[in-house]
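Undergrad: Predicted coordinates and the sequence they were generated for:
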Amino acid sequence: MTQKQTLTVRDNRTGDEYELDITDGAIRASDVGKIGKTEDEAGLAVYDPGFTNTASTRSAVTFIDGDKGILEYRGYPIEQLAESSNFLEVAYLLIYGELPTREQYERWEHEITFHTFVHEDIKTVMRGFRYDAHPMGMLLSSVGALSTFYPEARNITDEQIRHEQIVRLIAKMPTLGAWSFRHAQGKPYVYPDNDLSYAENFLSMLFRMSEPKYEPDPRLTKALEVLFILHADHEQNASANAVRSVGSTQVDPYSAVSAGIAALFGPLHGGANEAVLRMLKRIGSKEKVPAFIEGVKNGDERLMGFGHRVYKNYDPRAKIIKKACDEVFEVTGVNPLLEVAQELEKIALEDDYFVSRKLYPNVDFYSGLIYEALQFPPEMFTVLFAIPRTAGWLAQWIELVDDPEQKIARPKQIYTGGRTLDFVPASERWK
Ligand SMILES: CC(C)(COP(=O)(O)OP(=O)(O)OC[C@H]1O[C@@H](n2cnc3c(N)ncnc32)[C@H](O)[C@@H]1OP(=O)(O)O)[C@@H](O)C(=O)NCCC(=O)NCCS
């Protein structure tokens, strides 16, 4: 027997019944709005701060099953992409929906490689920041500033123009990110080297000094590629939602992506790996782990890098990062905090407090260790997240622009303030 895909709702205020269609496991908020609607009264609204149970879009970009610990980009499991693909191929897959043919990939790689330079005036913009400017502040401002260099980007419905901006954004993010890093160190900005791959060139712009050619260790390049792939998208998270919300005004993609960077800057989003590192340093040694765990169980603090709003199983990205850690430490020497992290994980995964609450390591548990081993200061961690996430933001943005159902994002409110008060001028109020 086929089930009827509807929901019957009885409004006990009036006794009226409504039948709402269910499509893909969701009812439409606009149908809810018909409940109790009269000429004088607004219909029922849905109150959902933080959008914890509101689907804002249909999307074919990224699939997550948090209970099973599954993450797929365009249907491809993250494990396979991290093992056998590279960041530029994954970026193409996310943005254009299909794995590229050889010709498409070669053209894409060529285009990205030859758009890595930024206008010299952008360098001047960046030079204008204070000597200790936070690199994320510099990144979001300089990406926003790009919109002034490419005014044609406002034409968001022209596919060719749109493609050009996508190429520019993916190509220039490492340049802007690396320059933000060098700025705080008082070191000269390093121009892109177009003989190098995407990840190699980024490492060159970060670390090159007087050597005529920077030759990064292939193991570090591979680890960076893997980290970039793992961070490339994560469906409707806070920054993707920021890009979509700002993008829904039909603004240019530079402005929309800079909104995404701003959202990522917040400690509840991009900053958790920094907190993990601080926690590991504070614990200091393996011997102190049991006492720390007891403190967590007593509610003194949280075990940072554990637990996730969506994953109620091992975060699939954490497994892959753990493996990448070993490869990086082969080059840099083992980070002594790794021992502390491993002991924390071992004890927590056996402890009923964590097991019963389905608290498993998330992506941030090990990534900070790698970043530190690569000699990045904590302020750079979120920049390293923003660079690959640009691919995901753009994939989400294109989907939004092409979706005829999307409208300018404009939530409702439940108004709680005063009404029809009589204004008294300051000259009378302050007598
Ligand atoms: C990610 C996070 C915010 C998800 O939160 P959430 O889905 O809202 O889960 P809740 O805060 O409702 O937690 C559910 C239970 O697990 C506990 N819990 C959740 N994360 C915990 C952690 N990291 N350490 C200890 N206890 C934790 C909560 O205290 C709560 O216990 P209770 O039921 O006894 O009150 C949360 O797990 C957390 O703060 N983790 C640490 C920070 C972090 O690593 N963030 C990066 C995410 S990628």
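TA: Everything's here; your move.
Undergrad: Excluding chain neighbours, what is closest to the residue in the stretch 301-431 of the chain that the ligand sits nearest to?
TA: Residue nearest to the ligand within the stretch 301-431 of the chain: residue 307 (2.2 Å; C-beta to the nearest ligand atom). C-beta here means a position set from N, CA and C on the backbone, and glycine is covered the same way. Excluding the flanking residues, the one nearest residue 307 by C-beta to C-beta, 6 or more residues apart in numbering is residue 359, at 4.4 Å.
Undergrad: could you list every residue that touches the one you found?
TA: Shown in contact with residue 359 (C-beta atoms under 8 Å, 6 or more residues apart in numbering): 303, 306-307, 348, 353.
Undergrad: Quick one: those as JSON lines, columns for secondary structure too.
TA: Converted to JSON lines, those look like this (DSSP: H, G, I helix; E, B strand; the rest coil):
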{"residue": "303", "secondary structure": "coil"}
{"residue": "306", "secondary structure": "strand"}
{"residue": "307", "secondary structure": "coil"}
{"residue": "348", "secondary structure": "helix"}
{"residue": "353", "secondary structure": "helix"}
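Undergrad: Looking at these, which is nearest residue 399?
TA: residue 307 (29.0 Å; C-beta to C-beta).
Undergrad: just checking, the closest one touches residue 363?
TA: No - between residue 307 and residue 363 there is no contact under C-beta atoms under 8 Å: 11.8 Å.
Undergrad: Between the two, tell me which one has more neighbours.
TA: Under the criterion of other C-beta atoms under 10 Å, the comparison of residue 307 against residue 363 puts residue 363 first, with 24 against 17.
Undergrad: Give me the neighbour count for residue 380.
TA: Neighbour count of residue 380, defined by other C-beta under 10 Å: 22.
Undergrad: actually residue 44, not the one I wrote
TA: With other C-beta under 10 Å as criterion, residue 44 counts 18.
Undergrad: Kindly report the residues of the chain close to the ligand.
TA: Contact residues, the chain versus the ligand (C-beta under 6 Å from any ligand atom): 272, 296, 302-309, 357, 359, 362-364.
Undergrad: who wins for neighbours among those?
TA: Among those, residue 305 has the most neighbours (other C-beta under 10 Å), with 29 neighbours.
Undergrad: Phi, psi for that one please.
TA: Dihedral angles of residue 305 (phi, psi; degrees, to the nearest 10) stand at phi 90, psi 0.
Undergrad: shouldn't it be in contact with residue 272?
TA: Yes - the pair residue 305 / residue 272 is scored as a contact, 6.7 Å apart, by C-beta under 8 Å.
Undergrad: okay, and the common contacts of those two?
TA: When contacts are counted by C-beta under 8 Å, 6+ apart, residue 305 and residue 272 are jointly contacted by 362, 364.
Undergrad: Can you list the helices and strands that the helix or strand containing residue 146 packs against?
TA: Assigned by DSSP states H and E, residue 146 falls within helix 135-149. Applying 3 or more C-beta pairs under 8 Å, 6 or more residues apart in numbering; DSSP states H and E, we find helix 135-149 packed against helix 120-127, helix 159-185, helix 253-265, helix 381-402.
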